[in-house]
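>>> predicted coordinates and the sequence they were generated for:
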Amino acid sequence: MTIDQSAQRTGTRPAEFLGPSRTMTTLRINGHEYYSVLEPRTSLLDALREHLHLTGTKKGCDQGGCGACTVWVDNRRVLACLTLALAAEGRDITTIEGVAHNDELHPVQQAFLEADGFQCGYCTPGQIMSAIKCIEEGHAERDEDIAEWMSGNICRCAAYQNIREAVHRGRDGMREQAGELP
């Protein structure tokens, strides 16, 4: 009996009979290579959280509307819920777990703590990932610019004033770290 004949008898489609197709995937995350067997339709977010157990990146809306899943791919902000894991193969992926160095918080992480830039904290990893890029891109001088360039990151607790303060402090901390401030 062929797979197609068996599938007709059981009422399943051939793909269901065989099980999901899977692909061996190598993802370079935070400077380390991770190997996983994934379905081609697996999002980067699900690969990170469910397969690789890197749970710092949060699943909010799972539709690209909240920004909680913001990570960097090749040093650019992306929404991990809308990015296929296979599309990120061979590219440099950075998650919130890879932002701190040598057991020291990144200046933006430290600024979020100092400015109380969170309430429940669920959106904070995505906010921090976006804030760092917002600063690096030169969009962190005025509150209006920060609000515009981080508008893809939603805080359901409405801690926006403190988030903007954290971005300003983080900007100054990054400049100081880079030797740009006295």
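Thanks, I have the structure now.
>>> element containing Leu45, please.
Using DSSP states H and E, Leu45 falls within helix 44-46.
>>> tell me which other helices or strands whichever helix or strand comes after that helix touches.
Downstream of helix 44-46, the first helix or strand assigned by DSSP H and E is strand 70-73. If contacts are counted by 3 or more CB pairs under 8 Å, 6 or more residues apart in numbering; DSSP states H and E, strand 70-73 sits against strand 76-79, strand 92-94, helix 124-136. (C-beta placed from N, C-alpha, C; glycine too.)
>>> quick one, domains of this protein?
As recorded under the TED database, the domains making up the chain are 23-98, 107-178.
>>> pull the contacting residues for the spatially closest residue to Thr42 that is not a sequence neighbour.
Of all residues not flanking Thr42 in the chain, Ala85 sits nearest, at 4.9 Å (CB to CB, 6 or more residues apart in numbering). Going by CB atoms under 8 Å, 6 or more residues apart in numbering, Ala85 touches 25, 27, 36, 38, 42-44, 46-47.
>>> could you report the pLDDT at Ala85?
We have a pLDDT of 98 for Ala85.
>>> for it, what are phi and psi?
phi -60, psi -40 (degrees, to the nearest 10).
>>> distance check, it against Thr70.
According to CB to CB, to the nearest Å, Ala85 and Thr70 sit 16 Å apart.
>>> measure the nearest residue to Glu165 once chain neighbours are set aside to Cys157 for me?
If the residues on either side of it in the chain are set aside, Glu165 comes closest to Ala115, at 4.2 Å by CB to CB, 6+ apart. Taken as CB to CB, the spacing of Ala115 relative to Cys157 amounts to 14 Å.
>>> give me the neighbour count for the residue nearest to Gly117 when sequence neighbours are not counted.
Leaving aside its sequence neighbours, Gly117 sits nearest to Ala166 (CB to CB, 6+ apart; 3.3 Å). Look at Ala166: counted by other CB atoms under 10 Å, it has 28 neighbours.
>>> now do Asp143
Neighbours of Asp143 using other CB under 10 Å come to 14.
>>> give me phi/psi at it?
Dihedral pair for Asp143: phi -60, psi -40, per degrees, to the nearest 10.
>>> touching, it and Asn162? I think so.
No: Asp143 sits out of contact with Asn162 when judged by CB atoms under 8 Å, with a separation of 11.9 Å.
>>> what angle separates the longest helix belonging to the chain from helix 124-136?
Identified as the longest helix of the chain according to DSSP state H is helix 160-177. If you take axes from the mean of the first three to the mean of the last three CA atoms, to 10 degrees, helix 160-177 sits at 50 degrees to helix 124-136.
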